[in-house]
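**Student:** got a sequence here, can you model it:
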Amino acid sequence: MNQSFLAVSHLFGWRLRTTDGMTAGLRDVLLDTDNWTIRLLAAEAEAWAPERELLIAPRMVAGYDEARAELDLDADAETLRSSPAMAAEDGLAGLGDEDALPPDWAAHWRAEIDPEEGVDPPPPPADELEAEVAADLGVETDLSVDDVLRAETLLGWAAETADGVALTINDLVFDDRDWALAYLDVSIGSSSANAQGASAASGHAKEQSCLVPRQSIDWLNRAGETLHLAVWAQELRAAPQRASPVALDERAKVRVYEPA
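**Tutor:** Presented below is the predicted three-dimensional model:
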């Protein structure tokens, strides 16, 4: 794919389409908060996995079609149906449960990734052939609840600048070449006394939106549900306005902060 930046919330509700026409709805993405990449796409497939979410490697995405609101997968229906799954009702509940993955999945990927130390998986029962996992899926789901965070969850948390100014996290912008976080889309209140007075009189807060690069993330406070940034509020307010680099963004211009 050519480089483009995609806002993750815009993709929620899009369909994932296989090479032979099967589709599943994109519900969320699971973030690796150590290196800020998308580890897995979480998709619904009620026809064969009710109340569960399929875990799909983002490298299986070959492209997207805005008109159809679909992500094209470089995989067929059989591969999609054999993807690992987890319970959908309680956040990441089920990710560490023995029922989170299809039968023999762990042994299967160990044998494929490291044949010398792995063991061949036992053959699946005759009535569970659909549960056999494709060898191409494996290392992405070798994780625990502590390793990942739902994008939808992070979008409900707060952000804070180095000088303690609260920000609103509007969206997460990813580079579709490697599915790494490129920018945080945040909003910050105006520092103008006049603007603050006008906001108080009207009952509406005047905010400015800004794209902040991943390198400006300082640390994530999971207990406090806050993402701390190593950048000062005034630096964001003074960032230059540029044409939005985000595909499907309706804004003509947006502030883009770049560290000096």
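**Student:** drop to CA atoms for contacts and neighbour counts, all remaining ones
**Tutor:** Fine.
**Student:** and L16, which helix or strand is it part of?
**Tutor:** strand 15-17 (DSSP states H and E).
**Student:** average pLDDT across that strand?
**Tutor:** Averaged across strand 15-17, the pLDDT comes to 95.
**Student:** which residues are contacting it?
**Tutor:** T23, A24, G25, L26, A43, A69, E70, L71, D72, L73 (Cα atoms under 8 Å, 6 or more residues apart in numbering).
**Student:** quickly note the distance from the nearest residue to the last one once chain neighbours are set aside to P245.
**Tutor:** For L73, ignoring the flanking residues on the chain, the nearest one in space by Cα to Cα, 6 or more residues apart in numbering is V61 at 4.5 Å. Noted for V61: a distance of 20 Å to P245, by Cα to Cα, to the nearest Å.
**Student:** now swap in L71 and tell me
**Tutor:** With Cα to Cα as the criterion, L71 and P245 are 19 Å apart.
**Student:** ok now the strand holding L16, how far from the chain's centre?
**Tutor:** 16 Å (Cα atoms, centre = their mean, to the nearest Å).
**Student:** quick check: what element follows that strand along the chain?
**Tutor:** By DSSP H and E, the next helix or strand past strand 15-17 is strand 23-32.
**Student:** please parse the protein into its domains.
**Tutor:** 5-149, 155-256 (automatic domain parsing).
**Student:** ok, what's across the strand from the most centrally placed residue in the chain?
**Tutor:** Central residue of the chain (Cα atoms, centre = their mean): V29, 3.4 Å from the mean position. Bridge pairing for V29 (DSSP bridges) gives the partners L41.
**Student:** if we can go back for a sec, what about L71 and P245, which has more around it?
**Tutor:** Legend: neighbour count by other Cα atoms under 10 Å for L71 and P245, higher for L71 (23 against 17).
**Student:** so what secondary structure elements neighbour the strand or helix carrying that one?
**Tutor:** Secondary-structure assignment from DSSP H and E places L71 in strand 70-73. Secondary-structure packing of strand 70-73 (3 or more Cα pairs under 8 Å, 6 or more residues apart in numbering; DSSP states H and E): strand 15-17, strand 61-65.
**Student:** and of those, who's closest to L6?
**Tutor:** strand 61-65 (10.4 Å; Cα to Cα).
**Student:** list the helices and strands that closest one packs on?
**Tutor:** Using 3+ Cα pairs under 8 Å, 6+ apart: strand 61-65 touches strand 70-73.
**Student:** what mean pLDDT does the next helix or strand after the strand it packs on have?
**Tutor:** Next in sequence after strand 70-73, counting helices and strands by DSSP H and E, comes helix 77-81. Averaging pLDDT along helix 77-81 yields 87.
**Student:** can you check stretch 233-253 too?
**Tutor:** 94.
**Student:** give the buried residues for that stretch.
**Tutor:** Residues of stretch 233-253 classed as buried under the neighbour-count rule (16 or more other Cα atoms under 10 Å) are A233, L236, R237, A239, S244, P245, V246.
**Student:** from those, which is closest to S83?
**Tutor:** Nearest to S83 among the buried residues of stretch 233-253, with distances taken as Cα to Cα, is V246, at 29.7 Å.
**Student:** how about the strands in the stretch 1-150 of the chain?
**Tutor:** 5-7, 15-17, 23-32, 37-45, 49-56, 61-65, 70-73, 85-87, 148-150 (DSSP state E, counting those that start in this stretch).
**Student:** which of the ones you listed has the lowest mean pLDDT?
**Tutor:** strand 85-87 (a mean of 77).
**Student:** so what strands line up beside that strand?
**Tutor:** strand 49-56 (antiparallel).
**Student:** starting at the chain centroid, how far to the strand it pairs with?
**Tutor:** 16 Å.
**Student:** please name the strands paired to the helix or strand D218 falls within in the sheet, noting orientation.
**Tutor:** D218 belongs to strand 217-221 when assigned by DSSP H and E. Here strand 217-221 is paired, per DSSP bridges, with strand 226-229 (antiparallel).
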